[in-house]
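need coordinates for the following:
(4 chains)
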There are 2 protein chains.
Amino acid sequence: MASAPSISVSEWAVMQVLWDRSPLTAAEVVEALEGEKDWSPRTVKTLLNRLVGKRALKFQTQGNKYLYSPAVRREQCIRHASRSFLEQVFGGAAMPALIHLVTNERLKPGEIDELRRLLDERRSS
Amino acid sequence: MASAPSISVSEWAVMQVLWDRSPLTAAEVVEALEGEKDWSPRTVKTLLNRLVGKRALKFQTQGNKYLYSPAVRREQCIRHASRSFLEQVFGGAAMPALIHLVTNERLKPGEIDELRRLLDERRSS
DNA sequence: TGTAGTAGACTACGGATGTAATCGTTTCTG
DNA sequence: CAGAAACGATTACATCCGTAGTCTACTACA
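Numbering: from 1, shown residues only, chains lettered A, B, ... in the order given. This next block holds a predicted model:
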């Protein structure tokens, strides 16, 4: 398996769009990013192109347009990005990261319960 | 408060050394990184210099040497890096990140218990 | 006191990134 | 059918980053 290509911050925004819904034309991706990112359509095209170059996206031609789809699984990229983050900030350990998030990020009571359930499952396996 | 300067991946390794113990001379930082990073001492010097430029480190002079210390708090940089990570990968939401870490990272039973305790405290406040 | 080491400052350089503009071709519209 | 609009490909360019090398001044030893 080709390990996940390294995807830059801006490129992630484009990938998210296509992981949510695909295949899409460049124009549809541009549209999906309006309001979220203040990018020229040119910029989005460039990112699409680079992602194809990195083999993170693939496309089929449809007339003179391309229909883009992810070529890597989101879960795989999440794992990769998370590991890098843990390495950089927490020396690779998940525990301090979890503690940081739990104590610093806002969680709804329902979410807290859900996490507790997850932890319980985790322990009994 | 000056918001946390943006610290690159390599620079984080240098900051970690100085957050753990400071002040240190350049040579001591180099020594602390041996074995962990396969960097020329030059490289470490460059990183120290850039970090001073970014005002992430400060120094006092000691003879012809510098004694480097952090100029930003670790916790502040962790918060900044964590937020960026959440934005990039999880659309800014902590919950999916937590779920990902809990279900994908290896946790010891004791750690699971500790997280549960943390969550309990969280809920009752 | 001259000389070799050591320290920090400055310079280097290729690749990644953010952010487009331009070019050549195809298609749509009047 | 001719010009305009749209598409992807190629080019641009400043900055950051990883990873050093060189230059200059001071220090410590012979």
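
quick one: end-to-end distance for stretch A:53-73.
With CA to CA, to the nearest Å as the measure, stretch A:53-73 spans 16 Å from end to end.

can you pull the buried residues of that stretch?
A:54, A:56-59, A:66-68, A:70-72 (16 or more other CB atoms under 10 Å in any protein chain shown). Where you see a C-beta, it was placed from the backbone N, CA and C, and this is true even at glycine.

B:R116: which of those is nearest?
Distance to B:R116 across the buried residues of stretch A:53-73 (CB to CB) is lowest for A:V72, with 34.2 Å.

name the SS class of that closest one, please.
At A:V72 the chain is in coil, as set by DSSP: H, G, I helix; E, B strand; the rest coil.

leaving out sequence neighbours, find the closest residue to it.
Using CB to CB, 6 or more residues apart in numbering or on different chains and skipping the chain neighbours, the partner closest in space to A:V72 is A:A56 (5.2 Å).

for that neighbour, phi and psi?
A:A56 adopts backbone torsions of phi -90, psi -20, taken as degrees, to the nearest 10.

now A:Q60
phi -110, psi 150.

contacts only, for it.
A:23, A:66-67, A:69 (CB atoms under 8 Å, 6 or more residues apart in numbering or on different chains).

burial measure for A:V52, as a count.
15 (other CB atoms under 10 Å in any protein chain shown).

ignore the last one, A:P109
9.

so where's chain A uncertain?
Applying pLDDT under 70 to chain A flags the ranges A:1-2.

spell out which parts of it neighbour chain B.
For chain A, the residues in contact with chain B (CB under 8 Å from any CB of the partner chain) are A:9, A:12, A:16, A:78-79, A:81-82, A:84-86, A:88-89, A:91, A:94-95, A:97-107, A:109, A:111-116, A:118-120, A:122-123.

restricted to helices, list those.
A:9, A:12, A:16, A:78-79, A:81-82, A:84-86, A:88-89, A:94-95, A:97-104, A:109, A:111-116, A:118-120, A:122-123 (DSSP state H).

about what we covered before: now, of the residues of chain A next to chain B, which are buried?
By 16+ other CB under 10 Å, these give A:12, A:16, A:78, A:81-82, A:85-86, A:88-89, A:94-95, A:97-102, A:105, A:107, A:111-112, A:114-115, A:118-119 as buried.
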